[in-house]
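Q: Just a sequence and a predicted model for now, questions to come.
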Amino acid sequence: MQFHARSSAGRVVLMFAAVATLSVMATGCQPEPGQTPSPASTTSLEAPTPDPSFSPIETELPDADFALPESCEEIYSADMLAQLQAANPPLNDPGVTMLSTESADLLEIIHSGAPTIRCSWGQPSEFGLATNVTVVDAGQADAIAAALPAAGFGCEALGDGTICRIEQRGITLDDQEYTRGETHYLGEGAVVTTAWINFSPEGYTEDVVATLWG
């Protein structure tokens, strides 16, 4: 799935498909196909092509204590929800098809049949974010914990889980600067995956973590 905008002949499709220069920061209702980010010397951000060899893995979900929220409004605190509604509405615009991650490992889990809720903010443009909250079992959690640092994410402890971040800055073919990245949180029973472009509210993932695990 992709999150895009076209404003002129020179405007490129803005997407999380190829990562040019990754700078790690120290400080995460529908599955989406995609590919793992990899360094590339280009500023053209094109949509990923689904891997024809992809096949969802079968999983047995644990009797986890984690309860997947029934609506996107339930994954935020009241203050964060109000901030998002004011800064970049709407919630879940049907035209926004942005991936919540470009990690093949995470996308495989999202497509495995694990319960997932998807939330996006903004209209189709080069300004917004998409988040998935997905229930995971112990084996999936171990795979995520190994895959993110190996992909260049900077990870650190947050609460009883781990938060991982990666960011890239560049210039489009229209000579417009952009910043994009991913922030993921691996907690007990679930993973929160978030991809964003030119819109990264301070404390966003931390608020989701506090709301769902607090």
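A: It's in.
Q: Run through who's touching the biggest helix by length in the chain.
A: With secondary structure taken from DSSP state H, the chain has its longest helix at helix 138-150. Residues outside helix 138-150 that contact it (CB atoms under 8 Å, 6 or more residues apart in numbering): 59, 62, 103, 105-106, 109, 112, 114, 136, 155, 162, 164, 184, 186, 191. For every residue, glycine as well, the C-beta is placed using N, CA and C.
Q: which residues in the protein form strands?
A: For the chain, strands defined by DSSP state E occupy the ranges 22-23, 116-121, 128-135, 154-158, 161-171, 177-187, 190-197.
Q: buried stuff in the longest helix of the chain?
A: Residues Gln140, Ala141, Ala143, Ile144, Ala147, Leu148 are the ones in helix 138-150 that count as buried (16 or more other CB atoms under 10 Å).
Q: Could you measure from the fifth one over to Ala141?
A: With distances defined as CB to CB, to the nearest Å, the gap from Ala147 to Ala141 amounts to 11 Å.
Q: sorry, back to before: right, so of the strands of the chain, which gets closest to Ala210?
A: Closest to Ala210 of the strands of the chain, according to CB to CB: strand 154-158, at 9.6 Å.
Q: What pairs with that closest one, parallel or antiparallel?
A: Sheet partners assigned to strand 154-158 using DSSP bridges are listed as strand 161-171 (antiparallel).
Q: avg pLDDT for the strand it pairs with?
A: Averaged over strand 161-171, pLDDT sits at 97.
Q: again, but for stretch 101-109
A: Here the average pLDDT along stretch 101-109 is 95.
Q: pLDDT below threshold where in this protein?
A: Residue ranges of the chain with pLDDT under 70: 1-64.
Q: would you put the C-alpha positions of the longest helix of the chain in CSV?
A: Taking C-alpha atoms only, helix 138-150 is exported to CSV below (Å, rounded to 0.1, in the frame of the first residue of the first chain):
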residue,chain,number,x,y,z
ALA,A,138,6.8,-15.1,21.4
GLY,A,139,8.4,-16.4,18.2
GLN,A,140,7.3,-13.4,16.1
ALA,A,141,8.6,-11.1,18.9
ASP,A,142,12.0,-12.7,18.8
ALA,A,143,12.2,-12.4,15.0
ILE,A,144,11.3,-8.6,15.2
ALA,A,145,13.8,-8.0,18.0
ALA,A,146,16.6,-9.5,15.8
ALA,A,147,15.4,-8.0,12.5
LEU,A,148,15.2,-4.3,13.4
PRO,A,149,18.8,-3.7,14.7
ALA,A,150,20.1,-5.7,11.7
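Q: chain center to that helix, what's the gap?
A: 16 Å (CA atoms, centre = their mean, to the nearest Å).
Q: Tell me what angle it forms with strand 154-158.
A: Computed by axes from the mean of the first three to the mean of the last three CA atoms, to 10 degrees, the angle separating helix 138-150 from strand 154-158 equals 130 degrees.
Q: Measure how helix 138-150 sits relative to strand 190-197, angle-wise.
A: Using the same axes, to 10 degrees: helix 138-150 against strand 190-197 is 30 degrees.
Q: Would you mind measuring from Ala151 to Glu182?
A: 9 Å.
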